[in-house]
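# need the 3D shape of this:
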Amino acid sequence: MPISSCFFLLLPVQAPIMASGNLPLIIMDHLYSIDDRLKRGRPPPLLKGADEDIIIDEEPAPEAIPVIDPASISRCCIERGLFPAVPLFFQYPCSTSKGWSEWVDRELKNPSTRDILSRAGVLEAIFASKACDIHIEAMTLRHLVRRWSTETHTFICSWGEFTPTLEDAANIFRLPLCGSQDPFHISLTPEDGLKLETLRRGAPTSPSTSLRFSNWIQFFGNSDRDEPCRLAAFVSLWLGRFLFCDFSQDCLHGRVFPLALVIARGSMIPLAPMFLGHLYRLLDQVQFLEKEAAGTMAVETFANSSFLQIFLWERFKGIEVSPLPYSKAESLVAPDENSYVPGGLPRICRWFRRMQRKGQNFLELLDDVEKFIFRPYCVLSEGFSSAPLYADSIALVEALATSAQSCPLRREAFLSAACLPLPTFGDDHLEAPVRYSPYRVRRQLGFDQGVPSCPSYGDSLALCKIFWTNDSVPGDGRPLALALANRQRIGNLSKAYRIYWNRCFASFSRFHAAHCDRLIPTIIHHARLVSEDKAISLSEKRNLPFISKSGEIVGDFSKLKQKLEKSGPHSTGKGTAHGKRKRDESCSVGKRQAVKGPKKFIPKVAASGPPSPRKAFLPGPSRSSNS
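The predicted structure is shown next:
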């Protein structure tokens, strides 16, 4: 069953697949605590400094709109007892490949190459990738991913919803929102056809290492070699490594080659919606695998953890990490005076090699609306630049406004707020539309949030073409001019929305309280499922412990063990010891010590009937990781 359709495959709440007996103990992520559940029973608070004049036209009644299905949220399913929290491993490679920075420097010193990449809208994005080294706080990301709703494509917290938008993709990765070329039906010239064959053969080394990042850089990035497809090969690695990496942390996929050939001749591709749709699909896939494996195996994902980590740092106050000042960021991306540097450094450069404090309780920040930054990109940092979504430009469209005076908008700004499907690659590497829900997170765009009602526009595949054609954008467009006229505007909540959100949390409460038995596994083979043996290796390598089937905390984490022993068997496991923990990747399995009274996973209502025999579950293909 294709993973691209996983958000259509939610298990019914009324009739989930039940276990016929008590399953054996299974892998548990000790960092997850059922005591840190979503806060329920309160309407979302109003924001300090929010605009008092709420402007929402034709808002539907709060009772007329379906509430969010709690079965679409992994955290709700875990708290109900449908399956335990298994370790999530983020396999996306978060540091640059050896030789990539030098290759970027050589290419960008050429004015002709810079002109081509500038016309394609990717010059700043490729420049920023040369030193893209992002420290990942996996414990934080685990909590974040488990708040993802596969139904709404938003993260759920006590005060409402938030999600990465096209505005985030344009600002964090500096990707173009629009294009001039259909990325899924590319016509190649005979010359491009020859280049494509060269790219498909990959670096001419042994067959087992062809298309690997390191070999690719050594061959095509060799300054003594003048390959006709050198620029296309350069762009291919950037696309496959930084945007569409989903099956290996060290190999290219040939689906990016046609895109690279188009970009190498200066044509623009709508990479922001393609990347964002790709990210949404991989987040859906994590929950799909959690449910289908029913907590019997760990899950790994190639969701772009660098983007997610920077998204959190940009969007939340209180996370203890400090961005780089301009001078230090410049020294990382421009080590010598001959290096190309754009007029303003992309904002992502502020976060290179930054590290947040270990053990911080992210859940407290997540559920505090005052900690969320709704419009981070409207405040410019000295020396850094943001995507000019709100600047004056000749590429304008007119939008209706509820205010007396109409305001022209950039097409990109309109698209970022329109309820259009995101075009991206499906499992068959062909076009697949993905749900985009800016109407549910309107305050992130400066609008007032009313009861979410998504307009229906018809054929999803046809709508995707708006991103690479000049077709008119469907949508009401009523509040857009008002919001974009003022960079500092913070949207407010309507009374009807507060009623709707209370309905959502009442539904969550009923879901938690309902009788349930643990789900039984319905999938035994998948490349992203991880056996316990492999999970032990990954956990020790990354200092990410978990509770194994035997009830032991895997790994030599003495401070954490002492804390759990002191707190007893009812410990919530909310945090870890403060300060930087010493990494020890050489600890052996034999040195692992049992924890006194480990917290076991016990469903709320035990399954009845005779015990069922344990099935054999085979791991996916083993892959190493440097992330």
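
# quick check: Glu63 is in a helix.
Yes. Per DSSP: H, G, I helix; E, B strand; the rest coil, Glu63 lies within a helix segment.

# that one - nearest residue in space that isn't next to it in sequence?
Among residues not flanking Glu63 along the chain, Arg503 sits closest, at 7.5 Å (CB to CB, 6 or more residues apart in numbering). Every C-beta, even on glycine, is put in place using the N, C-alpha and C of the backbone.

# can I assume that neighbour is in contact with Ala64?
No. Checked against CB atoms under 8 Å, the pair Arg503 and Ala64 is beyond contact range at 10.8 Å.

# what separation do you get for Glu330 and Ser129?
Relative to Ser129, Glu330 is positioned 16 Å away (CB to CB, to the nearest Å).

# Cys464 too?
26 Å.

# the two: who's more crowded?
For Cys464 and Ser129, the more surrounded residue by other CB atoms under 10 Å is Cys464, and the numbers stand at 26 against 23.

# could you pull out the strands in this structure for me?
Taking DSSP state E, the strands of the chain run over residues 88-90, 148-149, 154-157, 160-162, 298-301, 345-346, 384-385, 396-398, 408-410, 422-425, 431-434, 529-530.

# what's the closest of these to Ile269?
The closest of the strands of the chain to Ile269 is strand 422-425. By CB to CB, the value is 10.3 Å.

# report the distance from the closest one to the chain centre.
For strand 422-425, the separation from the chain centroid amounts to 15 Å (computed by CA atoms, centre = their mean, to the nearest Å).

# same question for stretch 60-73.
Relative to the mean C-alpha coordinate of its chain, stretch 60-73 is positioned 23 Å out (CA atoms, centre = their mean).

# ok, and for it, which residues are buried?
In terms of neighbour count (16 or more other CB atoms under 10 Å), stretch 60-73 has its buried residues at Pro62, Ile65, Val67, Ile68, Asp69, Pro70, Ala71, Ser72, Ile73.

# now do that stretch: everything it contacts.
With contacts defined as CB atoms under 8 Å, 6 or more residues apart in numbering, stretch 60-73 is touched by 7, 10-13, 76-77, 80, 146-152, 156, 287, 451-453, 496-497, 499-500, 503-504, 506-508, 511-512.

# re the thing from before, dump the buried residues of stretch 60-73 into a markdown table; add distance to Met297 and pLDDT as well.
Below are the buried residues of stretch 60-73 laid out as a markdown table (distance: CB to CB, whole Å; pLDDT from 0 to 100):
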| residue | distance to Met297 | pLDDT |
| --- | --- | --- |
| Pro62 | 40 | 92 |
| Ile65 | 37 | 93 |
| Val67 | 31 | 95 |
| Ile68 | 27 | 96 |
| Asp69 | 25 | 96 |
| Pro70 | 24 | 95 |
| Ala71 | 20 | 95 |
| Ser72 | 21 | 96 |
| Ile73 | 21 | 95 |
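
# how close does Thr469 sit to Asp182?
When distances are taken as CB to CB, Thr469 and Asp182 turn out to be 8 Å apart.

# and what of Ser97?
For Ser97 relative to Asp182 (CB to CB), the value is 30 Å.

# next: Asp284.
25 Å.

# closest one of the buried residues of stretch 60-73 to Phe352?
Nearest to Phe352 among the buried residues of stretch 60-73, counting by CB to CB, is Ile73 at 32.6 Å.

# hey, what's the closest one bridged with?
Taking DSSP bridges, one finds Ser149 as the beta-bridge partners of Ile73.

# on that earlier part again, neighbour count winner among Asp284 and Asp182?
Just comparing Asp284 and Asp182: by other CB under 10 Å the higher neighbour count belongs to Asp284, 26 against 18.

# these two touch, right, that one and Glu151?
No. Proximity of Asp284 to Glu151 does not meet the contact threshold set by CB under 8 Å, at 9.9 Å.

# any of the contacts of stretch 60-73 buried? List them.
Judged by neighbour count, with 16+ other CB under 10 Å as the criterion, the buried members of those are 7, 10, 13, 76-77, 80, 146-152, 156, 287, 451-452, 496-497, 500, 503-504, 507-508, 511-512.

# low-confidence ranges, this structure, go.
Within the chain, the stretches falling below the threshold (pLDDT under 70) are 1-26, 30-43, 46-53, 205-209, 390-409, 474-486, 549, 551, 554-627.

# now the helices for the stretch 301-450 of the chain?
305-315, 326-333, 362-366, 411-417 (DSSP state H, counting those that start in this stretch).

# equivalent analysis for the stretch 1-150 of the chain, please.
Counting by DSSP H, counting those that start in this stretch, the stretch 1-150 of the chain forms helices over residues 74-80, 100-108, 111-119, 123-129, 138-145, given from the N-terminal end onward.

# for the fourth one, buried residues please.
The neighbour-count check on helix 123-129 (16+ other CB under 10 Å) flags Leu123, Glu124, Ala125, Ile126, Phe127, Ala128, Ser129 as buried.

# swap in the second one?
Of the residues in helix 100-108, Trp100, Ser101, Trp103, Val104, Asp105, Glu107, Leu108 count as buried by neighbour count, 16+ other CB under 10 Å.

# many thanks, we can stop here.
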